[in-house]
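Trainee: Have a look at this prediction, sequence included:
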Amino acid sequence: MRLIHTSDWHLGRSFHRVDLIDAQRDFLTWLLAQAVEQNVDAVLVSGDVFDRAVPSVDAVRLANSALSDFARAKIPVVLIAGNHDSATRLGFGAELAEVSGIHVRTRTDELDRPVTLTDSHGPVHIFAIPYLDPDVAHRELDSGRSHTEVLNAAMNRVRAQLANRPGRSVVLAHAFITGGQPSDSERDIRVGGVGDAPATIFDGVDYVALGHLHGAQQVSGSTATVRYSGSPLAFSFSEVNHRTSVTLVEIDGAGHVEYSLIPTPVPRPLARISGRLSDLLSDPEFTPNEDSWLHVILTDERRPDAPMELLRGRFPHILVMEFRPGSALVTPDEDLTRLRAAAHDPVEVGRAFLAYTGGGEPTDDEMAVVAQVEELARRDREASA
């Protein structure tokens, strides 16, 4: 059995105000082509199809078009709701879609109803566990109110079905499993400070197709092969070292799993670069980054004038600029000490603020402006008294 595992499409999401809808359309077109080329038996989508519970019109149209293309190609899709999705909206028309081989699972009462596919070795039962919000799911599953307890209750239902169904097994789930490495772009799903569940919950299953974490990775601790496919596109600069991909999964007749990663198309590479403004504008070392989406860290001792405009002359796709003085004359601790000592003097507070944000002692001209503003504010207060 050959499967493609993907997740966290986040259709409708932007990247630092850059609209990603065209890149997401390109990915879905590519995904269909890969499914045909690899002759897969199904595509597994482990949640967060959309970026918002109420997705944009463009995002809905894109999802509808892509899933229709898979149906026309007669490639089954098994898809679950993630924590970003509205289960009700995503599940609309699910029974109609299932007739076309698009299996959308968003409800807890469908946890023990597998999608069963067959190859020359027999059946493969695919169970779909959408994101289980403990506040809601613990009542539906008659379990305790934690991620571990609701997910364990769901897997107990799955195992009860597997006891009476010979064959190999796959589980889709959208959750934070212990040992997974998160990035900055995932929404926090913790309840009571705890957001993860152990991988041992999935013991006894052949392959677990996870969604939620945006980096492709395997999670240890279970007798099953437990993997996050990761998102097909990067959504934050914390993912600068991610290699976006989908997972090609092969399950033999004995349930042994092998997998490989297929790199996804990248609309534009991501990079973080740092240095003094003059070096960034002239050093050939940074030539490979001229076409990248960039997070630039300036290390000048004093903040340069209009640095973003200058940087865009060489790096037209810069998205984030941060100022971190390489040899600041005033450290944060020294600055805090000064603020406490000078709290009675607004001008000295202004001096400390400029020293910290500018990376060095302010000039006489800058301090003259601070003093002038303080004088005007004081006169205004006295006039209003």
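Mentor: Noted; the coordinates are in hand.

Trainee: what number of residues lie near the residue lying closest to Thr108 once chain neighbours are set aside?
Mentor: Residue nearest to Thr108 in three dimensions, not counting chain neighbours: Glu140, with 4.5 Å by Cβ to Cβ, 6 or more residues apart in numbering. Backbone N, C-alpha and C define where each C-beta goes, glycine included. Glu140 sits with 16 neighbouring residues when counted by other Cβ atoms under 10 Å.

Trainee: surely Glu140 meets Leu111?
Mentor: No. Between Glu140 and Leu111 there is no contact under Cβ atoms under 8 Å: 9.6 Å.

Trainee: Identify the residues contacting the lengthiest helix in the chain?
Mentor: If you go by DSSP state H, the chain has its longest helix at helix 364-384. With Cβ atoms under 8 Å, 6 or more residues apart in numbering as the test, helix 364-384 has contacts from 346-347, 350-351, 354, 362.

Trainee: Show me which positions of it end up buried.
Mentor: Residues 367, 370 are the ones in helix 364-384 that count as buried (16 or more other Cβ atoms under 10 Å).

Trainee: Can I get that helix as PDB, trimmed to CA atoms?
Mentor: Provided in PDB are the C-alpha atoms of helix 364-384 (Å, rounded to 0.1, in the frame of the first residue of the first chain):
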ATOM      1  CA  ASP A 364      23.700  66.300  22.100                       C
ATOM      2  CA  ASP A 365      21.200  67.200  19.300                       C
ATOM      3  CA  GLU A 366      19.000  64.200  20.200                       C
ATOM      4  CA  MET A 367      19.100  65.100  23.900                       C
ATOM      5  CA  ALA A 368      18.100  68.700  23.000                       C
ATOM      6  CA  VAL A 369      15.000  67.400  21.400                       C
ATOM      7  CA  VAL A 370      14.200  65.200  24.500                       C
ATOM      8  CA  ALA A 371      14.700  68.200  26.700                       C
ATOM      9  CA  GLN A 372      12.500  70.400  24.500                       C
ATOM     10  CA  VAL A 373       9.700  67.800  24.500                       C
ATOM     11  CA  GLU A 374       9.900  67.500  28.300                       C
ATOM     12  CA  GLU A 375       9.700  71.200  28.700                       C
ATOM     13  CA  LEU A 376       6.600  71.500  26.400                       C
ATOM     14  CA  ALA A 377       4.900  68.600  28.300                       C
ATOM     15  CA  ARG A 378       5.700  70.200  31.700                       C
ATOM     16  CA  ARG A 379       4.200  73.600  30.600                       C
ATOM     17  CA  ASP A 380       1.100  71.800  29.300                       C
ATOM     18  CA  ARG A 381       0.600  70.000  32.600                       C
ATOM     19  CA  GLU A 382       1.000  73.300  34.500                       C
ATOM     20  CA  ALA A 383      -1.400  75.100  32.300                       C
ATOM     21  CA  SER A 384      -4.000  72.400  32.800                       C
END
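
Trainee: pLDDT (mean, whole number) over that helix?
Mentor: Across helix 364-384, the average pLDDT comes to 78.
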